[in-house]
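K.L.:
Pasting the sequence and the predicted coordinates here, then a few questions.
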Amino acid sequence: MGFVTTKDGVDIFYKDWGPRDAQVIFFHHGWPLSADDWDAQMLFFLAQGYRVVAHDRRGHGRSTQVWDGHDMDHYADDVAAVVKHLDVQGAVHVGHSTGGGEVARYIARHGEDRVAKGVLISAVPPLMLKTEANPGGLPKSVFDDLQAQLAANRAQFYHDVPAGPFYGYNRPGAKPSEGIIRNWWRQGMMGGAKAHYDGIVAFSQTDFTEDLKSISVPVLVMHGDDDQIVPYADSGPLSAKLLKNGTLKTYAGFPHGMPTSEAETINADLLAFIRG
């Protein structure tokens, strides 16, 4: 574990576990969480002999709580700073939710020389916002409401999201895990309110269409069809079509937070793709 200082003076926290000569799996977390959200994956792949790396996005987790730079270009450049510092080569970049957008922008913006494959899990691309060109997206009012709830009572908001739609705990017959809910809340409250507020704009209004079109490495797109945060129909299938070498894997009934709530299934499928 350590920190990398970016060109604009932001300290980015990262974890780097495993043999130096092993293939790297680089994990990109979702909003408003941290590298800790990948515990179930990092421990699993470490046991499989891989080197696992994950960072806290600027303004999130243990990274500097700066007030600016909360956009996909800065996010991608911060990843590049970690990659360069650790001299990561031939990595598989795995992104969940906002992290999936970060993966797409990083590969498109910084090239594929150091990248072997990509994985987008419950990811925000191509574009979450409803526009004339994206009629299946969500209205801007949805994201304005998220910002309003964050500004009004972030602590309560960060309980209600994981206790409800994020893990599908609001579905009939669901069995909520208090530990998972509290861990989501803990990670969220570690980060900065300004970063998270601006991050809602970043993940909802960034159009990744051209990023996806430019990527030629193999990319696995994993999405649950009961995702209440990033609706399935306007995300996973569209991203897979835009990618030159994309494969879509759909999970019946799985929620947005499936890397945690359905870790056994997700880890097995990740391993098969990485080894394939």
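P.N.:
Sure, I can see it.
K.L.:
When you work out contacts or count neighbours from here on, use the C-alpha atoms and nothing else.
P.N.:
Fine.
K.L.:
May I have the secondary structure class of residue 233?
P.N.:
For residue 233, the reduced secondary structure class is helix; criterion used: DSSP: H, G, I helix; E, B strand; the rest coil.
K.L.:
Now for it, how many residues are close by?
P.N.:
13 (other CA atoms under 10 Å).
K.L.:
what does the model give it for pLDDT?
P.N.:
In this prediction, residue 233 carries a pLDDT score of 96.
K.L.:
same check, this time on the one 5 residues further on
P.N.:
We have a pLDDT of 98 for residue 238.
K.L.:
so it makes contact with residue 126?
P.N.:
Yes - using CA atoms under 8 Å, residue 238 is in contact with residue 126, at 6.9 Å.
K.L.:
higher neighbour count, those two?
P.N.:
Neighbours were tallied for residue 238 and for residue 126 using other CA under 10 Å; the higher tally belongs to residue 126 (28 against 18).
K.L.:
Which residues are in contact with the residue lying closest to the more buried one once chain neighbours are set aside?
P.N.:
In this structure, residue 126 finds its nearest non-sequential neighbour in residue 208, 4.8 Å apart by CA to CA, 6 or more residues apart in numbering. The contact partners of residue 208, taken as CA atoms under 8 Å, 6 or more residues apart in numbering, are 101, 104, 105, 125, 126, 127.
K.L.:
a markdown table for those residues, including pLDDT and secondary structure?
P.N.:
Written out in a markdown table, the entries for the contacts of residue 208 read as follows (pLDDT from 0 to 100; DSSP: H, G, I helix; E, B strand; the rest coil):
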| residue | pLDDT | secondary structure |
| --- | --- | --- |
| 101 | 98 | helix |
| 104 | 98 | helix |
| 105 | 98 | helix |
| 125 | 98 | coil |
| 126 | 98 | coil |
| 127 | 98 | coil |
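K.L.:
Reformat these into a markdown table and put distance to residue 214 next to each item.
P.N.:
Putting those into a markdown table (distance: CA to CA, whole Å) gives the following:
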| residue | distance to residue 214 |
| --- | --- |
| 101 | 14 |
| 104 | 9 |
| 105 | 10 |
| 125 | 14 |
| 126 | 13 |
| 127 | 16 |
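K.L.:
Please, a ChimeraX command that selects the buried ones among those residues?
P.N.:
Per 16 or more other CA atoms under 10 Å, the buried members of these correspond to this ChimeraX selection:
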select :101,104,105,125,126,127
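K.L.:
In contact with residue 154, which residues?
P.N.:
residue 193.
K.L.:
And it, how far from residue 146?
P.N.:
Residue 154 sits 10 Å away from residue 146 when distances are taken as CA to CA, to the nearest Å.
K.L.:
wait, doesn't residue 37 sit right on residue 29?
P.N.:
Yes - the pair residue 37 and residue 29 passes the contact test of CA under 8 Å, sitting 6.6 Å apart.
K.L.:
Using CSV, write out every CA atom in stretch 227-242.
P.N.:
Output in CSV follows, covering the C-alpha atoms of stretch 227-242 (Å, rounded to 0.1, in the frame of the first residue of the first chain):
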residue,chain,number,x,y,z
ASP,A,227,-29.8,-3.6,-11.8
GLN,A,228,-31.7,-0.8,-10.3
ILE,A,229,-28.8,1.7,-10.4
VAL,A,230,-27.5,1.3,-13.9
PRO,A,231,-30.5,-0.1,-15.9
TYR,A,232,-29.5,-3.1,-18.0
ALA,A,233,-31.1,-2.4,-21.3
ASP,A,234,-29.4,1.0,-21.8
SER,A,235,-25.9,-0.1,-20.7
GLY,A,236,-24.5,-3.6,-20.9
PRO,A,237,-25.9,-4.7,-24.3
LEU,A,238,-25.1,-1.3,-25.9
SER,A,239,-21.5,-1.3,-24.6
ALA,A,240,-20.9,-4.8,-25.9
LYS,A,241,-22.1,-3.8,-29.4
LEU,A,242,-19.9,-0.7,-29.5
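K.L.:
returning to that earlier point: do you know how far the residue nearest to residue 126 is from residue 240?
P.N.:
Taken as CA to CA, the span from residue 208 to residue 240 is 12 Å.
K.L.:
Would you mark the buried spots in stretch 80-94?
P.N.:
Of the residues in stretch 80-94, those with enough neighbours to count as buried (16+ other CA under 10 Å) are 80, 81, 82, 83, 88, 89, 91, 92, 93, 94.
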